[in-house]
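Trainee: quick one: sequence and predicted model below, then my questions.
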Amino acid sequence: MRRTLHGRRLCLLPLDDHTVMDFKAAVELQVAMLRAGQVLEALDMFFADYGVMYTNGAVFGEGLDACRDKQIPFVASAQNVKGEITDLFIDAESEFCAFRNSTSYDDKSGSHHRIEGLHVQMWANGKIATEWFYSGEPMRGMISRGLLKDPAHILELV
């Protein structure tokens, strides 16, 4: 659903039958949830039932249930989660966002880990329709090709 306010286009997203949130606010809420370590809650709230996740170009999961099932082992083993999301880019017009994830956590044995990744998301109708996650060399390649400097050209990079 699209609306204008003072000549500016807004993208309003239906969250449920009674609540509407603009795209920027939805992305910012998702990021706040990730920073708080609420990975599954953010997934449930914002990932489309039909959505597809990619990791370094390969399909990670198709559909909310499959993607959630693959996240559960990580979430179940993570303790002391410190979500660090930076370099957030939001394009409300095209319902696209990108951000860097440097979240750290401890596993059940007490070993410390850090996620270093880049998330690129295309949204439709208030949900993430496609998410590309890059880590390691593929992430460094995306960054060196300018993703963080000019994220609007993402489709040329993925």
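Mentor: Thanks, I have the structure now. Please read these numbers as outputs of a predicted model, since none were measured by experiment. Residues are numbered from 1 along each chain as shown.
Trainee: which residue packs closest to residue 33, ignoring adjacent ones?
Mentor: Leaving aside its chain neighbours, residue 33 sits nearest to residue 42 (4.0 Å; criterion: CB to CB, 6 or more residues apart in numbering). Heads up, the C-betas are built off the backbone N, CA and C, glycines and all.
Trainee: in contact with that neighbour, which residues?
Mentor: 30, 33, 34 (CB atoms under 8 Å, 6 or more residues apart in numbering).
Trainee: name only those of the residues you listed that count as buried.
Mentor: 30, 33, 34 (16 or more other CB atoms under 10 Å).
Trainee: of those residues, closest to residue 71?
Mentor: For these, the closest approach to residue 71 (CB to CB) belongs to residue 34, at 11.8 Å.
Trainee: how about the closest one, secondary structure?
Mentor: helix (DSSP: H, G, I helix; E, B strand; the rest coil).
Trainee: confidence score at it?
Mentor: As predicted, residue 34 sits at a pLDDT of 95.
Trainee: check the spacing between it and residue 103 real quick.
Mentor: The gap separating residue 34 from residue 103 is 7 Å, by CB to CB, to the nearest Å.
Trainee: equivalent analysis for residue 42, please.
Mentor: From residue 42 to residue 103 the distance is 12 Å (CB to CB).
Trainee: find residues that contact each of those two.
Mentor: Common neighbours of residue 42 and residue 103 (CB under 8 Å, 6+ apart) are residue 34.
Trainee: hey, where'd the strands end up in the chain?
Mentor: Under the criterion DSSP state E, strands of the chain are mapped to 2-5, 8-14, 20-22, 47-55, 58-62, 79-82, 85-91, 96-101, 104-106, 112-114, 117-124, 127-135.
Trainee: where among those is the average confidence lowest?
Mentor: strand 2-5 (a mean of 36).
Trainee: any chance of the strands of the chain in TSV, plus distance to residue 38?
Mentor: TSV is the format used below for these (distance: least, CB to CB, whole Å):
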stretch	distance to residue 38
strand 2-5	29
strand 8-14	19
strand 20-22	17
strand 47-55	13
strand 58-62	19
strand 79-82	9
strand 85-91	12
strand 96-101	14
strand 104-106	13
strand 112-114	18
strand 117-124	15
strand 127-135	15
